[in-house]
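Undergrad: predicted model, plus sequence, below.
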Amino acid sequence: MAPATERRDPTRRQDGGVEIPPPQPGAAGARLCEAMLDGAAQAALAEAVRAIVADAPLYRPTMPKTGKPFSVRMTNCGPLGWVADKAGGYRYQATHPATGRPWPAMPPAVLDVWFAATGRDYPPEACLINWYEPGAKMGMHRDEDEAAQDAPVVSISLGDDARFRLGGPTRGGKTASVILRSGDVLVLDGPSRRCFHGVDRIYPGTSTLLGAAGRINLTLRRVTPFETGADAPSSG
Ligand code: SIN
Ligand code: FE2
C-alpha cells in the first residue's frame, strides 16, 4: 500500500459526480458521486471499518462548552483523528483518546476514493468514522478545525440512507437537502468547503449492508496544508 504521504498522478480519472444546486450564494462546489462504491466495495469497506473499530473503539464525544454528548459515536483512522470533549475542545490528535494508541491506518480503498473523487494529488490525513444509530443526527456545523481549508472534504456513506443538508457560509438561510445512500460519495470542494452542513436524520432499514439498522459515515480531510516535498517519502 502507498504510504499516506505519497503523491499520486493527478491525471488519473476523476469521478466528477453531480453538483448539488447551491442553496445560497457562496455554496457552490458540493458534488454527489452516486453509487461510487458498488455492493462488493461497500461490503469490503464495512469489513475494514469493523477491523478499525476492533482496534480503535467507538466513543461518544462531548461538546466543548456544555459537555453535552453527541448522538453519534466516533472513531478515526489515518495519521490524525478528530476528537471532541469538554476538557480539550475540538481538535486533531494522533492517538485515540481512550486507548492512547495511534489510530489504525487508512484502508487503501479509502485513499482510492479520495484521489478519484477529488482529483487532488495529495492524500488526506484524517478519516473520521461516525456511527449513526437510529435517531442519531448531526447538527449544522462547518468543518473548521483544519488549517488546510482549501483542501476538499470527502464523505463516504455506508448502510442506511441519510438526509444531508447543505447551507451557506453563514448560519441560517436557505438549505438544500440530499439523500445519501450506501456507496455514495459526497465532496465539499470550492466555496462549499466552508459552508454549514449537517445530517437531519437517517432512515433505519433502508440498507441491509451492515446487518443492523444504522449508518456509517467516513469523512476524509486534509488537516495541514500539503507542501511539495515536505512530507514526501525520501527516495533520493
Ligand atoms: C459531518 O459533516 O460531520 C458528517 C456528514 C455525514 O455524516 O454525512
Ligand atoms: Fe462536517
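TA: Thanks, I have it. Residues are numbered from 1 along each chain as shown. Ligands and ions are numbered 1, 2, ... in the order given.
Undergrad: pull the CA atoms of stretch 196-212 into CSV?
TA: C-alpha atoms of stretch 196-212 as CSV (Å, rounded to 0.1, in the frame of the first residue of the first chain):
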residue,chain,number,x,y,z
PHE,A,196,-22.7,24.8,7.1
HIS,A,197,-24.0,21.3,6.7
GLY,A,198,-25.5,18.5,8.8
VAL,A,199,-27.4,15.3,8.9
ASP,A,200,-31.1,15.7,9.8
ARG,A,201,-31.9,12.0,10.2
ILE,A,202,-31.2,8.5,9.0
TYR,A,203,-33.8,6.1,7.6
PRO,A,204,-33.5,2.8,9.5
GLY,A,205,-33.9,-0.3,7.5
THR,A,206,-33.2,1.2,4.1
SER,A,207,-30.0,-0.8,3.7
THR,A,208,-29.1,-4.4,4.6
LEU,A,209,-25.3,-3.8,4.3
LEU,A,210,-24.5,-3.6,8.0
GLY,A,211,-26.8,-6.3,9.2
ALA,A,212,-28.3,-3.8,11.6
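Undergrad: contacts for that stretch next, please.
TA: 39, 42-43, 46, 132, 134, 136-142, 158-171, 177, 181-182, 188, 213-217 (C-beta atoms under 8 Å, 6 or more residues apart in numbering). C-beta coordinates here come from the backbone N, C-alpha and C atoms, glycine included.
Undergrad: quick one: mean pLDDT for that stretch?
TA: In this model, stretch 196-212 has an average pLDDT of 98.
Undergrad: re the thing from before, buried subset of the contacts of stretch 196-212, written for ChimeraX?
TA: Buried subset of the contacts of stretch 196-212, written as a ChimeraX selection, criterion 16 or more other C-beta atoms under 10 Å:
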select :42,46,132,136,137,138,140,142,158,159,160,161,162,164,165,166,167,168,169,181,182,188,213,214,215,216,217
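Undergrad: which of the contacts of stretch 196-212 come close to ligand 1?
TA: Near ligand 1, judged by C-beta under 6 Å from any ligand atom, the entries from these are Met138, Ala162, Phe164, Asn217.
Undergrad: give me the pLDDT for the last one.
TA: For Asn217, the model assigns a pLDDT of 98.
Undergrad: does it count as helix, strand or coil?
TA: Classification of Asn217 using DSSP: H, G, I helix; E, B strand; the rest coil returns strand.
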